[in-house]
Structure formats: C-alpha cells, structure tokens
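Trainee: What follows is a predicted protein model with its sequence.
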Amino acid sequence: MNVTLRQLRAFTGVYRTRSITRAARELGITQSAASLLIQQLESQLGVKLFDRSTRSVRPTLAADEAVHAAERMLGDALGLSRRMRDLAQARAGRVAFVASAGAASALLPLVLAKFRETHPAIEIDMRDVAADDLVPRLIATDAEFAIGSVEGEFADMTIETLTRGRLSAIGRRTADFAARRSLTWDELAQLPTIAMRRATRIRVQIDQALGAQGKHLSPTYEVTLINTALAMTAQGLGLAILPATMLPADQFPTLIAKPLVRPAITRPVSLLQRQGRTLSPAAQAFVATARAVLAERSG
C-alpha cells in the first residue's frame with residue numbers, strides 16, 4: 001500500500017470542508033483530480049471514507065478514525081520538509097570537528113564567536129586534542145573536519161592552509177622588547193627561552209630548519225602545551241618560541257610577538273577533510289567563517 005501525501009491532503013481537505021469542490025480549490029487542483037485521489041485512497045485502504053450524494057459529502061466512521069492519523073502524517077512531513085530546508089540553508093544542524101589544542105585556544109574562539117552571531121541555532125561540538133592526535137581522531141570519529149597544524153600528506157585526506165604564522169619570540173611588553181623589529185636565532189640563543197618539547201611537531205620543524213643551517217636550539221625550559229609556555233613567559237621566565245598566531249592577545253595582554261629571522265620559519269594552520277565526504281551545510285558555513293576570520297590572522 002503506497003499512500004501518497006497528495007491523497008492525504010485531498011482526504012483531509014474534503015473531510016474538513018465537506019466538499020470536494022472546495023477542497024480541490026484549496027489544493028489548486030481540479031474537482032475530478034480531487035475525486036480521483038479520494039477514490040485511490042479508498043481503494044488502497046480498503047474502506048469507504050465518504051458517503052457521496054449529489055448534494056453532500058459525508059465522512060464515514062472509517063474517515064473519522066483515519067483523519068487524525070492522516071493529519072499527523074502530513075504534519076510530520078511538513079516538519080521534515082522545514083527541517084531539511086533549515087539544514088540546507090544552514091539555519092539549523094550540528095557541526096562536529098576536531099581542533100589542535102593550540103588552534104582551539106588561540107584562533108578558534110574568534111571564529112566561534114563570529115559564527116554564533118550569524119548561525120545561533122547551530123550546535124557546535126569542538127573536540128580539542130593534542131596535535132599528534134588530530135588526524136587519528138578525525139579518522140576514528142564522526143567529526144566532519146579538523147583544524148590544526150600538520151606536516152606532509154595523508155592518504156584519503158585533503159589539506160587546505162587557512163593561515164600561516166611566523167615562528168616568533170613571544171615576550172613581555174617591555175620597552176626594550178617592544179622596540180625590536182625582530183630577533184635572530186643567534187640572538188635568541190643568548191636569552192632564557194621556553195620551547196615545546198622535542199617530540200612535538202613544532203619542535204621537530206624548528207630543529208630541522210635550524211639543523212639545515214648548522215644551528216641548534218637549547219631552550220631553558222621545555223613544555224608540552226602552548227598555554228604553559230605563554231603562562232611562563234607572562235611570569236618573566238623567558239621568551240616563548242611559538243607562531244605569532246598562537247598568541248591570544250585577550251588572554252595574555254602583556255605579551256607581544258617579534259618574528260624570528262635567519263632563518264624565518266612559518267607554520268601553517270590547516271583544514272583537513274576526508275576525501276569523498278561532503279560537508280553538511282552547517283559545516284560548510286562554519287568552514288567559510290573560519291576561512292574568512294583566519295585569513296586576517298596570517299602573520
């Protein structure tokens with residue numbers, strides 16, 4: 001039995017108006033078409049829904065029993081249609097994604113705030129993870145995409161650079177430090193420094209770039225988390241060696257970044273997606289916001 005929405009609309013229209021003519025007019029179809037839809041529905045259900053005469057259309061007991069179910073089905077269909085329309089236009093839905101801890105702390109709060117302004121009804125599920133867990137978590141979970149720093153290529157994955165950050169010396173806003181345009185790595189070696197541990201991706205990139213020029217980084221402190229390095233720098237324990245994009249100015253207003261040169265090293269923050277997977281409309285809207293906001297943060 002394949003009852004159609006057109007048949008249900010004709011049935012509820014005739015039931016409510018007690019007239020095939022008026023129901024047909026409301027539905028925008030001919031009287032004969034409305035009559036045919038009722039006949040088809042009666043045939044499929046195996047019951048008579050209306051007693052017809054030349055002067056009236058009277059619902060049967062079966063129609064009285066069926067009308068509430070028919071109205072509920074039409075309401076469900078209308079609700080589904082509206083929900084799908086909202087999802088298609090990114091007015092509703094859910095965005096689940098993975099973000100490296102550094103990006104989640106320094107870059108994404110502004111993206112989230114901008115997105116919330118324009119898409120207040122969309123649910124956000126951001127999972128902040130260590131940088132090394134970014135790709136494994138994207139592969140193993142229902143996350144639609146990931147945002148963070150990665151190196152190399154990954155099978156069945158597309159990578160798009162959203163912004164680039166210059167490796168910088170981050171220090172307190174003193175008169176001497178604020179006056180510097182930049183620091184060389186040789187100058188940095190004479191000062192107390194805070195770097196990420198050797199096993200981290202950012203440290204591997206630094207060590208490789210310096211090693212290619214016969215240089216070596218010997219920091220005063222090594223840490224695992226970016227926020228730890230920034231908090232220690234805020235206490236005057238040394239200059240943190242991080243991309244300038246990883247400094248959230250609102251969280252650490254006393255700190256400023258000065259680019260490191262000779263060599264200059266940049267580190268990308270990228271969008272990762274599984275190949276062959278279409279992002280939901282809500283996720284597409286979030287990614288568009290991230291592109292716009294992070295493009296302004298390159299430095």
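Mentor: Structure received. Note that the coordinates shown come from a computational prediction; the quantities given were computed from them, not determined experimentally.
Trainee: Listing request: residues of the stretch 1-150 of the chain with sub-threshold pLDDT.
Mentor: Flagging of the stretch 1-150 of the chain using pLDDT under 70 yields the residue ranges 1, 81-92.
Trainee: next SSE after the longest helix seen in the chain?
Mentor: Counting residues, the longest helix in the chain under DSSP state H turns out to be helix 61-88. Sequence-wise, the next helix or strand beyond helix 61-88 is strand 94-100, with elements assigned using DSSP states H and E.
Trainee: Let me know the angle separating that following strand from helix 61-88.
Mentor: Relative orientation of strand 94-100 with respect to helix 61-88: 30 degrees, computed using axes from the mean of the first three to the mean of the last three C-alpha atoms, to 10 degrees.
Trainee: Which positions in strand 94-100 come out as buried?
Mentor: 95-100 (16 or more other C-beta atoms under 10 Å). Every C-beta, even on glycine, is put in place using the N, C-alpha and C of the backbone.
Trainee: can you give me the strands for the protein?
Mentor: Across the chain, reading from the start of the chain, the strands by DSSP state E fall at 50-52, 57-59, 94-100, 123-129, 145-148, 157-172, 183-184, 193-196, 221-223, 239-243, 255-261, 266-274.
Trainee: Which among those is found nearest to Leu230?
Mentor: Each of the strands of the chain was scored for nearness to Leu230 using C-beta to C-beta, and the closest is strand 239-243 (5.8 Å).
Trainee: Quick one: residues in contact with that closest one.
Mentor: Identification of contacts with strand 239-243 by C-beta atoms under 8 Å, 6 or more residues apart in numbering yields 165-171, 188, 191-196, 202, 206, 217, 219, 226, 229-230, 232-233, 255, 257, 260, 266-267.
Trainee: burial of Pro219, as a residue count?
Mentor: Counted with other C-beta atoms under 10 Å, the burial measure for Pro219 works out to 22 neighbours.
Trainee: no no, Phe286
Mentor: Phe286 has 27 neighbours, counted by other C-beta under 10 Å.
Trainee: Show the contacting residues for the closest residue in space to it that isn't next to it in sequence.
Mentor: Leaving out its chain neighbours, the residue that sits closest to Phe286 by C-beta to C-beta, 6 or more residues apart in numbering is Val95, at 4.8 Å. By C-beta under 8 Å, 6+ apart, the contact list for Val95 reads 122-125, 144, 280, 282-283, 286.
Trainee: One more: Arg274?
Mentor: Residues in contact with Arg274 (C-beta under 8 Å, 6+ apart) are 138-139, 156-158.
Trainee: Ranking by neighbours, what's the top pick from those?
Mentor: For the contacts of Arg274, the largest neighbour count, defined by other C-beta under 10 Å, is 24 neighbours, found at Leu138.
Trainee: would CSV of the strands of the chain with distance to Gln31 be doable?
Mentor: Compiled in CSV, the strands of the chain are given as follows (distance: least, C-beta to C-beta, whole Å):
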stretch, distance to Gln31
strand 50-52, 12
strand 57-59, 11
strand 94-100, 46
strand 123-129, 47
strand 145-148, 54
strand 157-172, 56
strand 183-184, 86
strand 193-196, 77
strand 221-223, 80
strand 239-243, 72
strand 255-261, 76
strand 266-274, 54
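Trainee: From the contacts of Val95, keep the buried residues only.
Mentor: With burial judged by 16+ other C-beta under 10 Å, the buried subset of the contacts of Val95 is 122, 144, 280, 282-283, 286.
Trainee: What is the most widely separated pair among those residues?
Mentor: Put simply, by C-beta to C-beta the two of those set farthest apart are Ile122 and Glu144, 12.5 Å from each other.
Trainee: in stretch 284-298, what's buried?
Mentor: Of the residues in stretch 284-298, those with enough neighbours to count as buried (16+ other C-beta under 10 Å) are 285-287, 289-290, 293-294, 297-298.
Trainee: Just list the residues touching Leu272, thanks.
Mentor: Going by C-beta under 8 Å, 6+ apart, Leu272 touches 134-135, 138, 145-148, 150, 154, 157-159.
Trainee: Show me what it is bridged to.
Mentor: Going by DSSP bridges, Leu272 is paired in beta bridges with Ala146, Ile159.
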